[in-house]
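J.: sequence and predicted model, in that order:
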Amino acid sequence: MPLHLATEPPPTVVPATLTRYHRVVRTAAETLGSRRSRLGDTELPFRVPEPDDALREFYAPSDVSVHELEPIGGRRVTALNLMRNPGTRTTKTFASLSMVGRAVQHIRETGENVIIVTPTSGNKGTALRDAVARAYETGIAGPERLRVMTVTPADSLRKLRDCPLAATPELRTANPAVLAQVDQPAQVKELARNVVDAYLADPAAKGSWRVWYTLDLDNYRIADVVRACVEAEFTAPHDTGVPRWHAHAVSSAYGLLGYSLGHRLLSEGVAADLKAPPAHPGFFLVQHLSTPDMVLSLSGASLPRYTHDVTDGLWRQAADPRFPAVTDSPSDLIDPTFYTRAPVTCAEIAPLIRKHGGDGVVVSQRECLERWSQVRELAAPIGADLPASPEDLREWSLVMALTGLLVGDERGLIPKGTDVVVHASGSYSDDTLPPAAPDGIRFAADEEEVLKILHTAVA
């Protein structure tokens, strides 16, 4: 007798979302740009180019796929796979392609060269470098007109990935990936900003290259509206009345704010063929103990006090179900990507959760490891290929999100009868996304050295 095996339902693949939903992306850019009275010296206009054949090829990696996962606690669980670009394997692809597209638009309109400068804990820089390399490959801009410099804290060395921009000495010089020595990872933002300001203050730098410092929420919010478009077209039940929460491992929650903008634009009728769900979903934030500020902001509570158990070396608390009951460290660091303390976005996310529902949870690495097999099974339909050994994982956001969903169910943080959409925002190992070679990294001890690297990049 033949053996009949159950098969997972095939995913829905939504190709090239930045092209497919161009009207919504363009409107998002116009909406955000209209809020500014003037552009700063390190900003570019909030205009996205109309896709031609070359730009359509350039935007091709902006795929999203939709997957039905195993129910958790009787809830329907859907995943938005935002990791399909093999050059990044994170959701940073969408914003990076959008930003490089805007840079190309600026070059075409003004004839001015552009160098993108950004601080990053790893993934943002990887995605921007991948997008610039893709601009070279598709011919929409060359290294004589468009370049990028990323500045990463030394603690994130293991996050740096290989890229075609490191293929030759000339490309490495023009597009430096800088590893900077700072006391705290978040200080890399201040360092990069100071370097840009010092560059602009040099009279010799005037009129050569436009420096675009891209660390601005709105630069990411533009592209993240596609998440709402995918949901509206392919996953959203418009008439069931079942409440829905979106679960996301977050550092500053840029992606959820972009989704919320997209939901608003669709509700206002920006795209006649797309309708947002009548009810804005709740948000379920997942963080780790090293930077739990967004979860803390939801309740106004303080970090619970952990007690050290000398018999087993573990730390325990029972005061707040949003936080791990047991952890190896009260400042447990799962992934250096999640490095932002006291993000300014708390002021936007907290009111959305108060209005539309939601909550948050902080997970520990111990909780992730205890549920590793279960998380691997949950993630299998997404094609994330989580390694058998957790030690081989380099990007933890998907694991954190799924662990947070399991923990949230166990502790009653997610109401019964609520559907959940998981934003699968990143997962890779050295096998799936090779690390950067040492000759592709520039090491800098201080701001002065980073400034010299920037001057050399545009020489």
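T.: Structure received. Residues are numbered from 1 along each chain as shown.
J.: C-alpha from now on. contacts and neighbour counts both.
T.: Fine.
J.: where in the stretch 201-350 of the chain is pLDDT low?
T.: For the stretch 201-350 of the chain, the stretches flagged by pLDDT under 70 are 236-239.
J.: end-to-end on stretch 307-317?
T.: Distance between the two ends of stretch 307-317: 7 Å, counting by C-alpha to C-alpha, to the nearest Å.
J.: how about residue 186, what does it touch?
T.: Residue 186 sits next to 153, 339-341 when contact means C-alpha atoms under 8 Å, 6 or more residues apart in numbering.
J.: most neighbours among the residues you listed, which one?
T.: residue 153 (26 neighbours; other C-alpha atoms under 10 Å).
J.: quick check: bridge partners of it?
T.: residue 180 (DSSP bridges).
J.: before we move on, back to that, which of the contacts of residue 186 sits closest to residue 44?
T.: residue 340 (24.4 Å; C-alpha to C-alpha).
J.: my read is that that closest one contacts residue 253, right?
T.: No: if you go by C-alpha atoms under 8 Å, residue 340 and residue 253 don't touch, sitting 10.5 Å apart.
J.: which one of the contacts of residue 186 is nearest residue 442?
T.: Closest to residue 442 out of the contacts of residue 186 is residue 153 (11.7 Å), distances taken as C-alpha to C-alpha.
J.: residue 69 should be in a strand, yeah?
T.: Yes: counting by DSSP: H, G, I helix; E, B strand; the rest coil, residue 69 is found in a strand.
J.: what sits against it?
T.: Neighbours of residue 69 in contact, by C-alpha under 8 Å, 6+ apart: 76-79, 378-379, 381.
J.: switch the cut-off to 10 Å
T.: Contact analysis of residue 69 by C-alpha atoms under 10 Å, 6 or more residues apart in numbering lists 8-9, 76-79, 377-382, 421-422.
J.: same question, residue 190
T.: By C-alpha under 10 Å, 6+ apart, residue 190 lies in contact with 119, 196, 447.
J.: do the same with residue 282
T.: 243-247, 352-359, 418, 420.
J.: count residues in the vicinity of the closest residue to residue 380 other than its chain neighbours, would you?
T.: Leaving aside its chain neighbours, residue 380 sits nearest to residue 386 (8.0 Å; criterion: C-alpha to C-alpha, 6 or more residues apart in numbering). Counted with other C-alpha under 10 Å, residues neighbouring residue 386 total 23.
J.: same check on residue 301?
T.: Neighbour tally, residue 301, other C-alpha under 10 Å: 10.
J.: where's it, which helix or strand?
T.: Using DSSP states H and E, residue 301 sits in no helix or strand.
J.: now do the contacts for it.
T.: 295, 320.
J.: ok, residue 10 next?
T.: Listed by C-alpha under 10 Å, 6+ apart, the contact set of residue 10 reads 65-68, 381.
J.: what's the domain layout of the protein?
T.: The chain breaks down into these domains under automatic domain parsing: 64-86+219-429, 88-217+434-457.
J.: can you put the ones you listed in JSON lines and add distance to residue 47?
T.: Listed next are these as JSON lines, based on distance: least, C-alpha to C-alpha, whole Å:
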{"stretch": "domain 64-86+219-429", "distance to residue 47": "10"}
{"stretch": "domain 88-217+434-457", "distance to residue 47": "6"}
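J.: which stretches of the stretch 301-450 of the chain form strands?
T.: All strands of the stretch 301-450 of the chain, identified by DSSP state E, counting those that start in this stretch, fall at 307-308, 315-316, 326-327, 358-363, 393-395, 419-424, 428-429, 442-444.
J.: buried set for stretch 194-208?
T.: For stretch 194-208, a neighbour-count test (16 or more other C-alpha atoms under 10 Å) marks 194-197, 199-200, 205 as buried.
J.: the residues you listed in helices, which ones?
T.: Judged by DSSP state H, the subset of the buried residues of stretch 194-208 located in helices is 194-197, 199-200.
J.: could I get those residues as CSV with distance to residue 299 and pLDDT?
T.: Output for these, formatted as CSV (distance: C-alpha to C-alpha, whole Å; pLDDT from 0 to 100):
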residue, distance to residue 299, pLDDT
194, 35, 97
195, 37, 97
196, 37, 96
197, 37, 96
199, 42, 95
200, 42, 93
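J.: just those residues now: which is nearest residue 229?
T.: Using C-alpha to C-alpha, residue 196 comes nearest to residue 229 of these, at 35.3 Å.
J.: isn't the closest one right up against residue 212?
T.: Yes: applying C-alpha atoms under 10 Å, one finds residue 196 in contact with residue 212, separated by 8.9 Å.
J.: for the closest residue to residue 227 other than its chain neighbours, phi and psi?
T.: Among residues not flanking residue 227 along the chain, residue 259 sits closest, at 5.6 Å (C-alpha to C-alpha, 6+ apart). Torsion angles at residue 259 (phi, psi; degrees, to the nearest 10) stand at phi -60, psi -50.
J.: residue 283 too?
T.: Note on residue 283: backbone dihedrals following degrees, to the nearest 10 are phi -120, psi 130.
J.: for it, list each beta-bridge partner.
T.: Beta-bridge partners recorded for residue 283 (DSSP bridges): residue 246, residue 358.
J.: what residues are up against residue 259?
T.: Contacts for residue 259 (C-alpha under 10 Å, 6+ apart) come out as 221-229, 231, 246, 253, 265.
J.: still on that earlier bit, can you list the strands of the stretch 301-450 of the chain in a markdown table and add mean neighbour count and distance to residue 145?
T.: Output for the strands of the stretch 301-450 of the chain, formatted as a markdown table (neighbours: other C-alpha atoms under 10 Å; distance: least, C-alpha to C-alpha, whole Å):
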| stretch | mean neighbour count | distance to residue 145 |
| --- | --- | --- |
| strand 307-308 | 15 | 56 |
| strand 315-316 | 19 | 53 |
| strand 326-327 | 20 | 50 |
| strand 358-363 | 26 | 44 |
| strand 393-395 | 22 | 32 |
| strand 419-424 | 25 | 34 |
| strand 428-429 | 22 | 31 |
| strand 442-444 | 19 | 22 |
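J.: burial measure for residue 71, as a count.
T.: Here the count is done by other C-alpha under 10 Å, and residue 71 has 13 residues near it.
J.: and the gap between the closest residue to it other than its chain neighbours and residue 400?
T.: Spatial nearest neighbour of residue 71, excluding adjacent residues (C-alpha to C-alpha, 6+ apart): residue 77 at 5.6 Å. Separation of residue 77 from residue 400 (C-alpha to C-alpha): 16 Å.
J.: comparing those two, which shows the higher neighbour count?
T.: Neighbours per residue, other C-alpha under 10 Å: of residue 77 and residue 400, the larger number sits with residue 400, 28 against 23.
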